[in-house]
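Engineer: Next one to model:
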Amino acid sequence: MKPDSTRVPELLAPAGSPEALDAAIAGGADAVYLGLKSFNARMRSANFAYSQFEGALRVLHRQGRRVYVTVNTVFEQREADRVYQLLKYLAALGPDGVILQDFGAVVMAGEFPGLKLHASTQMNIASARGANALSSYGVSRVVLARELTLEEIQGVVQGTNVELEVFVHGALCASASGLCLFSSYLGGKSANRGLCTQACRRFYRTGEVPGPAFGDPPGAGLEEKSRGGYFFSPRDLSLIGRVPELAAAGVRSFKIEGRMKSAEYVGAVVAAYRLVLDSLGGGEEQGRRAQEQARRVLQNDFARPKTEYFFGLTPGGGREAGAEETIDWLMPDHDGGTGIRLGTIVSVKGEGEARRVLVRSEFPVQDAAGERIDPVPGDSLRFHKADDSRRLAYKLRFAERAAGLPDGGEGGNAAAGKGSWLISAPPGFDRGDSVYLIQTRAMTRRCPPVIPRDLSSCTRRPGRDRAPAFPPGVPSGGVHGTGNRRQGRFLPEGVYAAAASPEDLYVIQSLRPAAVILPLNKKTGRRLLDRQRPLPFKPGELIVALDPYFPQGAEAFYAETIPALIEAGYETFMPNNPGQFSFFKGGNAARKKGGNPAGERGSGPGGRLTLIAGPWLYTFNARAAAFVQSLGADYAVSPLENNRQNLEKTWGEFPPLQRSRVFVTLFAWPPLFRIRQDLGKTYAFRRFSGGRGEEFYMAAGGTGELMGETVVIPDRPFSIADKRPFLEAAGFRRFILDFSAGIFGGASFPLKKHVYKDIMKAVLEGVPLPGTSRFNWKDGFYQSEAGYTPAEV
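Structural biologist: I've put the predicted structure just below:
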């Protein structure tokens, strides 16, 4: 799509509460996005009651503002009725867009033609092919994954007519968008369910880490001297200086993150970006003044230090001229919380309402303009335990400069701006714990309320409708009549093995599985096409898996390599992203155009191609399974986060024979999160531990790949090896032992022969593996004490 240089992009603001909604509108937002009480990716924010939402929608539409509703989590099969009820309710009220993550929700939304569908960043769309694939299912806007360079964003704009939305400000995730299992693995609180506990921001320690609980992942002997840090805690994104470039690129909407941030934060950030957007087209001098004024507004947002993330990188991993070579978006010496550090608690006295703590600063306590800060009653503080076990926001009731210390300092500290304060404090925090200022009383201002006081006429609620009976299988025309399914070849039943590199195949051949799954990257691509060095498995015995993170920068590599692999006799592929299916439809011309052609799937010398929908396509429900089938998948891999009950319910919607076309993973080192960069050049350690007894391994590398990769895995792998007999009795016939650790970009994680044989033996005998985790297999996603997931409240 050719960019329209005369069109000012939309400014889209978060509204996590009614107060934040008021601030966003007062600050000049063109549109807001908000969540209701279920199925949204910020379940811990206040969100909106149905009457509040209806009232706000009426008012904002009268003002010419737009409202987008987040329904951006995955849902399980048992929740299909409630998702249907919510979508029907929204269709009746008419918001300007519904932001979806689950492919099953996209299918279900087809029941309501009036709904405008937006793809969430959690859907992990980072390419024109991905956007075009969703366009065929009624999606009119895509929120791009955050990990793209400016050059890649420009490429996506040029390759699609779908509207594009880009995050320009706010918190970042360490993981690539939509590919994080960390919080879910540690307790079922899945990021894909809106319950992320931000485990990446915790304190970790290197060096003094015990041996692995299972097997022998590499890393022993590579440790640096023991140290602690917040190694994976990102800075906050700020692209205020890049607004003109993004606008010129053709981005339709500028999105601000922050549905869990205060109203004051939202108002300030919206006002700053409004200044810069309004200056577009006004000349260089006007733009310069707007930038200066906007930066002054942002100086006191009390958020984390800022970064432009990957914006200044090239798709090959290099930097723009003048840009630093270091990985500057992580802050290992910062605890990851927001606010300005006041200091450390050095003494405590009193109890209850009379409890006081003495806080002493180690450094000057100043705002971004260099002015000294003193806490006063009414300010908001954050107390942070020294061992990172607890963080608590607190409204300050009492504060004074510490008595006996001149100007709060000691021996000249006053002149340096340091200080000591006696302040009120909540119970549970003691000497050595830290205190941060996260909002001053002076920042607090009341904005005109958006939601009417009288909501007596706002009475609509979701009904109790049942989702329509879902037909077994998928019609040959696809769910929306746009697909082109041709059944691929029959894959043998049995146990499959997934490896990280071609070298692992020589280990796996010692006990040959039904077939081997190998990730496609530049290294493996060259090896698979090297006829001078044959591998121990023939092309028909290998399944080529594609990286779930499919950025625009990978387009040329796939467009060249996939046809070559097909020509060389490779017949089975595992797409993990919606945009990748288009490489297997139509001829070479269609492949090069980056669209979503409806031509016939190509075939190699061995016959028809077979496509397996990978685990990162999240088939948590029958409609999501139907979605990937309509894209062209002949088989599907159940997600690693899945549980036994949902697996059976999902595939119970299909004839029993269909269960035989589902792959169930029996063993894996789950990739807890994936970073689109090689941190091995920054951190010398590979093994590290958390403060709660967890132990982890960091695999990093990918030299010569697009930008390298880093994958973090647990020492306790996932295993349900002993459940194979039960699964076979239930009709499941194909299983995966995943030794790849989720590595796709060339990081190193070599497989040891004794580990492989022990695991294969346990699976064949149907016995438990010691030192492993069930992940969510038994208990499912996190449930509250009342027995409901937050999405059910």
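
Engineer: for residue 435, what are its contacts?
Structural biologist: With contact set as Cβ atoms under 8 Å, 6 or more residues apart in numbering, residue 435 has these partners: 341-345, 357, 359, 381-384, 423. For the C-beta atoms, the positions are set from N, CA and C on the backbone; glycine is no exception.

Engineer: Save those residues as CSV, and put in secondary structure, distance to residue 644 and neighbour count too.
Structural biologist: Below are those laid out as CSV (DSSP: H, G, I helix; E, B strand; the rest coil; distance: Cβ to Cβ, whole Å; neighbours: other Cβ atoms under 10 Å):
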residue, secondary structure, distance to residue 644, neighbour count
341, strand, 46, 18
342, strand, 49, 25
343, strand, 50, 19
344, strand, 47, 18
345, strand, 47, 21
357, strand, 48, 23
359, strand, 50, 26
381, strand, 45, 24
382, strand, 40, 21
383, strand, 41, 20
384, strand, 39, 22
423, strand, 51, 24
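
Engineer: with those in mind, which one is nearest to residue 508?
Structural biologist: residue 384 (46.6 Å; Cβ to Cβ).

Engineer: Quick check: bridge partners of the closest one?
Structural biologist: residue 391, residue 434 (DSSP bridges).

Engineer: what sits against it?
Structural biologist: Residue 384 touches 335, 337, 390-391, 433-436, counting by Cβ under 8 Å, 6+ apart.

Engineer: Show me which of those residues are buried.
Structural biologist: Applying 16 or more other Cβ atoms under 10 Å to these, the neighbour count classes 335, 337, 391, 433-436 as buried.

Engineer: need the residues you listed in CSV with distance to residue 448, can you?
Structural biologist: Putting the buried ones among the contacts of residue 384 into CSV (distance: Cβ to Cβ, whole Å) gives the following:
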residue, distance to residue 448
335, 36
337, 31
391, 33
433, 39
434, 37
435, 34
436, 31
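
Engineer: Out of the helices and strands in this structure, which is least certain?
Structural biologist: helix 588-593 (a mean of 34; mean pLDDT, DSSP states H and E).

Engineer: what about stretch 611-626, distance to the chain center?
Structural biologist: 18 Å (Cα atoms, centre = their mean, to the nearest Å).

Engineer: cool, stretch 140-149 as well?
Structural biologist: Distance, centroid of stretch 140-149 to centroid of chain: 12 Å (Cα atoms, centre = their mean).

Engineer: what are the C-alpha coordinates of it, in PDB please?
Structural biologist: Extracted C-alpha coordinates of stretch 140-149, given in PDB (Å, rounded to 0.1, in the frame of the first residue of the first chain):
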ATOM      1  CA  SER A 140      -9.100  -4.900   8.700                       C
ATOM      2  CA  ARG A 141      -6.300  -3.800  11.000                       C
ATOM      3  CA  VAL A 142      -3.200  -5.500  12.400                       C
ATOM      4  CA  VAL A 143      -1.300  -4.400  15.600                       C
ATOM      5  CA  LEU A 144       2.200  -5.200  14.500                       C
ATOM      6  CA  ALA A 145       4.600  -7.100  16.700                       C
ATOM      7  CA  ARG A 146       6.900  -4.700  18.600                       C
ATOM      8  CA  GLU A 147      10.200  -6.200  17.500                       C
ATOM      9  CA  LEU A 148      10.400  -4.700  14.000                       C
ATOM     10  CA  THR A 149      12.900  -2.300  12.500                       C
END
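
Engineer: Can you list the buried residues in that stretch?
Structural biologist: 141-149.

Engineer: Can you add pLDDT and secondary structure and give those residues back as CSV?
Structural biologist: Formatted as CSV, the buried residues of stretch 140-149 follow (pLDDT from 0 to 100; DSSP: H, G, I helix; E, B strand; the rest coil):
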residue, pLDDT, secondary structure
141, 98, strand
142, 98, strand
143, 98, strand
144, 98, coil
145, 97, coil
146, 95, coil
147, 95, coil
148, 95, coil
149, 94, coil
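
Engineer: Show me the helices in the stretch 151-300 of the chain, by range?
Structural biologist: 182-187, 243-249, 263-279, 284-298 (DSSP state H, counting those that start in this stretch).

Engineer: average pLDDT across the first one?
Structural biologist: Across helix 182-187, pLDDT averages out at 92.

Engineer: Same question for stretch 200-213.
Structural biologist: For stretch 200-213, mean pLDDT is 72.

Engineer: quick one on the thing from earlier: nearest to residue 630, of the buried residues of stretch 140-149?
Structural biologist: Out of the buried residues of stretch 140-149, the member with the shortest distance to residue 630 (by Cβ to Cβ) is residue 142, at 18.6 Å.

Engineer: ok, now which ones touch the closest one?
Structural biologist: 118-119, 123, 125, 130-131, 134, 160, 162-165.

Engineer: When you filter the residues you listed down to buried only, what's left?
Structural biologist: The buried subset of these (16+ other Cβ under 10 Å) comprises 118-119, 123, 125, 130-131, 134, 160, 162-165.

Engineer: In CSV: the residues you listed, plus distance to residue 717 and pLDDT.
Structural biologist: Formatted as CSV, the buried ones among the contacts of residue 142 follow (distance: Cβ to Cβ, whole Å; pLDDT from 0 to 100):
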residue, distance to residue 717, pLDDT
118, 36, 98
119, 32, 98
123, 27, 96
125, 30, 98
130, 30, 98
131, 35, 98
134, 33, 98
160, 39, 98
162, 39, 98
163, 41, 98
164, 38, 98
165, 37, 98
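
Engineer: among those, which are in strands?
Structural biologist: 118-119, 163-165 (DSSP state E).

Engineer: got any ranges where the stretch 251-400 of the chain has weak pLDDT?
Structural biologist: Within the stretch 251-400 of the chain, the set of residues satisfying pLDDT under 70 comprises 315-326, 364, 366-370.

Engineer: now do the same end-to-end measure for stretch 542-559.
Structural biologist: Taking Cα to Cα, to the nearest Å, stretch 542-559 runs 20 Å from one end to the other.

Engineer: tell me which residues in it are buried?
Structural biologist: For stretch 542-559, a neighbour-count test (16+ other Cβ under 10 Å) marks 542-555, 558-559 as buried.

Engineer: Kindly report the same for stretch 447-460.
Structural biologist: Buried, per 16+ other Cβ under 10 Å, within stretch 447-460: 447, 450-452, 458.

Engineer: so where's the stretch 1-150 of the chain shaky on pLDDT?
Structural biologist: The stretch 1-150 of the chain contains residues with pLDDT under 70 at 1-6, 38-46.

Engineer: residue ranges for the helices of it, please.
Structural biologist: 18-27, 50-62, 80-93, 103-109, 128-135, 150-159.

Engineer: Which pLDDT value belongs to the residue nearest to residue 580 when sequence neighbours are not counted?
Structural biologist: Distance criterion Cβ to Cβ, 6 or more residues apart in numbering; nearest residue to residue 580, sequence neighbours excluded, is residue 546 at 4.9 Å. Looking at residue 546, its pLDDT is 98.

Engineer: Could you do the one 5 residues further on as well?
Structural biologist: At residue 551, the predicted lDDT confidence score is 95.

Engineer: got the contact list for the residue nearest to it when sequence neighbours are not counted?
Structural biologist: Nearest non-adjacent residue to residue 551, counting by Cβ to Cβ, 6+ apart: residue 126, 4.3 Å away. By Cβ under 8 Å, 6+ apart, residue 126 lies in contact with 144-145, 147-148, 152, 156, 177, 549-552.

Engineer: returning to what we had before: tell me which of the buried ones among the contacts of residue 384 is nearest to residue 261?
Structural biologist: Closest to residue 261, out of all of the buried ones among the contacts of residue 384 and judged by Cβ to Cβ, is residue 337, at 12.6 Å.

Engineer: ok, that closest one touching residue 385?
Structural biologist: No - shown here, residue 337 and residue 385 do not form a contact pair, counting by Cβ atoms under 8 Å, at 11.3 Å.
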